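Novice: Build me a structure from this.
(2 chains, ligands or ions: 8)
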Number of protein chains: 2
Amino acid sequence: MKVNLMHGAGGEVMGELLRVITNLRHNNAGGIGLESLDDGAVIPLNGQNIVFTTDNHVVSPIFFPGGDIGRIAVCGTINDLAMMGGRPVALSCGMVIPEGFDVADLERIVASMDAALDECGASLVTGDTKVLERGALDAIIINTAGIGVAERVVRDNGLVPGDAIIVSGTIGDHGIAIMAHREGFDFGGQIHSDVAPLWTLVEGALATGDIHAMKDPTRGGFANAINEMAKKSRVGVVIEEEALPFRKSVQSAAGMLGIDPLEVANEGKVVMGVAPDDAEAILAALRSHPYGRDAAIVGEVIEGSHVTMRTAIGGERFIEPPIGDPVPRVC
Amino acid sequence: MKVNLMHGAGGEVMGELLRVITNLRHNNAGGIGLESLDDGAVIPLNGQNIVFTTDNHVVSPIFFPGGDIGRIAVCGTINDLAMMGGRPVALSCGMVIPEGFDVADLERIVASMDAALDECGASLVTGDTKVLERGALDAIIINTAGIGVAERVVRDNGLVPGDAIIVSGTIGDHGIAIMAHREGFDFGGQIHSDVAPLWTLVEGALATGDIHAMKDPTRGGFANAINEMAKKSRVGVVIEEEALPFRKSVQSAAGMLGIDPLEVANEGKVVMGVAPDDAEAILAALRSHPYGRDAAIVGEVIEGSHVTMRTAIGGERFIEPPIGDPVPRVC
Ligand SMILES: Nc1ncnc2c1ncn2[C@@H]1O[C@H](COP(=O)(O)OP(=O)(O)OP(=O)(O)O)[C@@H](O)[C@H]1O
Ligand SMILES: Nc1ncnc2c1ncn2[C@@H]1O[C@H](COP(=O)(O)OP(=O)(O)OP(=O)(O)O)[C@@H](O)[C@H]1O
Ligand SMILES: [Mg+2]
Ligand SMILES: [Mg+2]
Ligand SMILES: [Mg+2]
Ligand SMILES: [Mg+2]
Ligand SMILES: [Mg+2]
Ligand SMILES: [Mg+2]
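Specialist: Ligands and ions are numbered 1, 2, ... in the order given. Here you go, the predicted model:
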């Protein structure tokens, strides 16, 4: 069998490849390991919950409306730490650079990483740099790994019937921004990526109420994240279509592109399941943060095993786990 | 300015690029950070020294005599943790895979990673996978980051005049194995990479005596490592040529290739400066370990600022810090 593009697209097909890649005996350091396939791992060390995660970034183009590969590289890892309840402490940075790459672009990328770190009090403390010969690689690749500390670990599999499902803002912005930009669509400069570091947003929510499960809806989008959360939690979810927050410009572009905005990556959003009694307070906490202004309660957890959507016109349909994200090299 | 191959070759030229890449305000999480440019960072957490490091692996070919990219990806990070005095606990794995890559090769790589983890009691707990479209990348890239715990942190800048310099075995094996293999030289199958996880070797040495400084002589080889250690420690070093351990086959091949084996990567060796009174005991401890059988005391630390070599014929010459490793895509 050969690896194909869908194997890297964050959906059902990637899951098949992950079964091969994560087939290790040494897959757990005592806490939450690879077997959980959560946003990060947890390692109990000296009575502390150390959270550990990594992401590679291959986004194309490397500078795009609303961000660049440096910002995404820092935020991707900060956000996976935050999804586990982890305060980000330290990041690593592994760069693979094609020969001929402009050093001025590198400076821009590094400055962008520094600015993202500044937003959440984390530091970049170690790294590695490789250069590949002309023709071997078409654009810079940046891996970050991150270490965080969690007072209370949050999993992606803790949904309980009755929980309210909250999203922290508009859906589909990043994926549609990348795709619209590539296709040369101009919506008056209105479509830009949501890429942002979510720790302080999540920190506020954690301090407000009982969060049972979190996940960042990156590759595969909201559809992938909510299906994974429901499946791992062995519950069903009902989403209210009318409650889902979308930017108008994103919806128009998605329509023109023939892409479902529920299936594309977000880089500055969180999906959470929260105790029903805490839902309004957590929503208010999210909305008080610049990255959570459009937060909304979008559904409810039920007994069962599917994610369904009550549509605006009164019907009901499944939100299926996507085969893969329809936007290649989205992050 | 454009990035060129020497910017990734681990020598003096790479240092220039690193000044751009490490130009961050958020470069330290409270312990040893980017400013030190050591093998890894140290983050004090709850009274423990957490060691953190990362390496990208772009070795070509991905299967080579003595190892493969999976083994090198695990060992590279294990060894940088060990160089800081850190017991390896958990690794991350970021894979970037070209479309069309054989899943059977992926299985071999994963099994090889698992075997290397088995040698030192570490686990791979989190990861990420991206797939690039045909033509965008010529071979799989594997990043690993690692977390370790150090009872006593060892830096690369702690050499003191009088210290004995020890290398844990034969020099130049990995770089020459890769280059000889690429050039199609056959020395009766005698040249193979030394790639190995060094934690248990280092652990034994740490328990035996006072190690003032350590570094693994990877890109840029022994010449680079010893110069960096001397410069950072503000001391001189005198090396005895006759004491340097080389495999005969490696020396012959290096001669044919026109490459100085002192300037190419090792992937299973450590260079250390140790208190003179402990040198023999540490040497014996190293030699009792399978990866340290050819360990040797090869020189001494002096007041001053250069690394010189007393040659076999009674002369003296500088061992210069190399411009870069002469073997491209060596690790
Ligand atoms: N190469 C790999 N080695 C080990 N584990 C992997 C690898 N690739 C992915 N995983 C694991 O698979 C799970 C899913 O990974 P994925 O990258 O989809 O998560 P994510 O980082 O939350 O999403 P995204 O990458 O879209 O931001 C995670 O638990 C991750 O640790
Ligand atoms: N892209 C980067 N971002 C931040 N720091 C970096 C980056 N590349 C290298 N560094 C830092 O520069 C120093 C030298 O890196 P280098 O990779 O040469 O060390 P090493 O891993 O010990 O050697 P090798 O990679 O040959 O095994 C390290 O302290 C590393 O953290
Ligand atoms: Mg995630
Ligand atoms: Mg992620
Ligand atoms: Mg390195
Ligand atoms: Mg090193
Ligand atoms: Mg290294
Ligand atoms: Mg990921």
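
Novice: Single out the residue in the stretch 201-331 of chain A that lies closest to ligand 4.
Specialist: Ligand 4 sits closest to residue A:218 of the stretch 201-331 of chain A, with a gap of 5.0 Å, by CB to the ion. (C-beta placed from N, C-alpha, C; glycine too.)

Novice: helix, strand or coil for that residue?
Specialist: coil (DSSP: H, G, I helix; E, B strand; the rest coil).

Novice: Pull the contacting residues for it.
Specialist: A:10, A:76, A:79, A:225, A:265, A:266, A:267, A:331 (CB atoms under 8 Å, 6 or more residues apart in numbering or on different chains).

Novice: what's the spacing between it and residue B:213?
Specialist: 42 Å (CB to CB, to the nearest Å).

Novice: and what of residue A:298?
Specialist: In this view, residue A:298 and residue B:213 are 56 Å apart by CB to CB.

Novice: what's the burial count for the one residue in chain A that gets nearest to ligand 2?
Specialist: Chain A approaches ligand 2 most closely through residue A:127 (2.4 Å), counting by CB to the nearest ligand atom. By the other CB atoms under 10 Å in any protein chain shown criterion, the neighbourhood of residue A:127 contains 26 residues.

Novice: Same check on residue A:60?
Specialist: Other residues within reach of residue A:60, judged by other CB under 10 Å, total 17.

Novice: Helix, strand or coil: sort out it for me.
Specialist: Assigned by three-state DSSP, the conformation of residue A:60 is coil.

Novice: gap between it and residue A:193?
Specialist: Residue A:60 sits at a distance of 13 Å from residue A:193 (criterion: CB to CB).

Novice: element containing the residue of the stretch 101-250 of chain A found nearest ligand 7?
Specialist: Nearest to ligand 7 in the stretch 101-250 of chain A, going by CB to the ion, is residue A:128, at a distance of 6.7 Å. In the assignment (DSSP states H and E), residue A:128 maps to strand A:123-132.

Novice: Strands of chain A, start to end?
Specialist: A:41-45, A:48-57, A:63-64, A:67-68, A:86-98, A:123-132, A:141-150, A:164-167, A:211-215, A:236-240, A:271-274, A:296-302, A:307-310, A:316-318 (DSSP state E).

Novice: out of those strands, which comes closest to ligand 8?
Specialist: Nearest of the strands of chain A (CB to the ion): strand A:48-57, 4.3 Å.

Novice: about what we covered before: mean pLDDT and distance to residue A:32 added to the strands of chain A, as JSON lines?
Specialist: Shown next, in JSON lines, are the strands of chain A (pLDDT from 0 to 100; distance: least, CB to CB, whole Å):
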{"stretch": "strand A:41-45", "mean pLDDT": "97", "distance to residue A:32": "4"}
{"stretch": "strand A:48-57", "mean pLDDT": "98", "distance to residue A:32": "9"}
{"stretch": "strand A:63-64", "mean pLDDT": "98", "distance to residue A:32": "33"}
{"stretch": "strand A:67-68", "mean pLDDT": "98", "distance to residue A:32": "29"}
{"stretch": "strand A:86-98", "mean pLDDT": "98", "distance to residue A:32": "11"}
{"stretch": "strand A:123-132", "mean pLDDT": "98", "distance to residue A:32": "23"}
{"stretch": "strand A:141-150", "mean pLDDT": "98", "distance to residue A:32": "10"}
{"stretch": "strand A:164-167", "mean pLDDT": "99", "distance to residue A:32": "22"}
{"stretch": "strand A:211-215", "mean pLDDT": "98", "distance to residue A:32": "13"}
{"stretch": "strand A:236-240", "mean pLDDT": "98", "distance to residue A:32": "23"}
{"stretch": "strand A:271-274", "mean pLDDT": "98", "distance to residue A:32": "18"}
{"stretch": "strand A:296-302", "mean pLDDT": "98", "distance to residue A:32": "21"}
{"stretch": "strand A:307-310", "mean pLDDT": "98", "distance to residue A:32": "24"}
{"stretch": "strand A:316-318", "mean pLDDT": "97", "distance to residue A:32": "29"}
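
Novice: could I get the ones you listed as JSON lines with distance to residue B:17?
Specialist: Listed next are the strands of chain A as JSON lines, based on distance: least, CB to CB, whole Å:
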{"stretch": "strand A:41-45", "distance to residue B:17": "31"}
{"stretch": "strand A:48-57", "distance to residue B:17": "19"}
{"stretch": "strand A:63-64", "distance to residue B:17": "20"}
{"stretch": "strand A:67-68", "distance to residue B:17": "19"}
{"stretch": "strand A:86-98", "distance to residue B:17": "9"}
{"stretch": "strand A:123-132", "distance to residue B:17": "7"}
{"stretch": "strand A:141-150", "distance to residue B:17": "15"}
{"stretch": "strand A:164-167", "distance to residue B:17": "41"}
{"stretch": "strand A:211-215", "distance to residue B:17": "37"}
{"stretch": "strand A:236-240", "distance to residue B:17": "48"}
{"stretch": "strand A:271-274", "distance to residue B:17": "39"}
{"stretch": "strand A:296-302", "distance to residue B:17": "45"}
{"stretch": "strand A:307-310", "distance to residue B:17": "47"}
{"stretch": "strand A:316-318", "distance to residue B:17": "51"}
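
Novice: between the ones you listed, which gets nearest to residue B:104?
Specialist: Closest approach to residue B:104 among the strands of chain A (CB to CB): strand A:48-57, 22.3 Å.

Novice: near ligand 1 too, which of the contacts of residue A:218?
Specialist: When contact is defined as CB under 6 Å from any ligand atom, those meet ligand 1 at A:10, A:76.

Novice: What parts of the stretch 1-150 of chain A come near ligand 2?
Specialist: A:93, A:95, A:126, A:127, A:128, A:129.
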